[in-house]
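J.: how would this look folded up:
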Amino acid sequence: MRLVLFTALPAGFVGYLPVRIVHEASFANVALLVVAATAYMALASLIFDRGLRRYASGSRFTTFG
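T.: Numbers count the residues shown, from 1 in each chain. Next up is the predicted model:
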């Protein structure tokens, strides 16, 4: 699953869809590219936010007030 998410999926957005838009210019292809980029950005944001919630600092020093 990670292999697909980190290699095939982004490579398709970066390579295949823009070339397809150049060769077959249509509103549907542009809309597909925009939807795919938005979905990928939303997924990346969700994963980042979940990771940020689980983050624990590696510092052993604390501030005493």
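J.: ranges for the strands of the chain?
T.: For the chain, applying DSSP state E gives no strands.
J.: looking at it, which helix or strand is least sure?
T.: Sorting the helices and strands of the chain by mean pLDDT, DSSP states H and E puts helix 2-3 at the bottom, at a mean of 66.
J.: can you give me the helices in the protein?
T.: 2-3, 9-11, 17-23, 27-54 (DSSP state H).
J.: how about JSON lines for those, with mean neighbour count added?
T.: The C-beta positions use only the backbone N, C-alpha and C, and glycine is treated the same way. Listed next are those as JSON lines, based on neighbours: other Cβ atoms under 10 Å:
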{"stretch": "helix 2-3", "mean neighbour count": "7"}
{"stretch": "helix 9-11", "mean neighbour count": "12"}
{"stretch": "helix 17-23", "mean neighbour count": "12"}
{"stretch": "helix 27-54", "mean neighbour count": "11"}
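J.: worst average pLDDT in these?
T.: Mean pLDDT values for the helices of the chain show the minimum at helix 2-3, a mean of 66.
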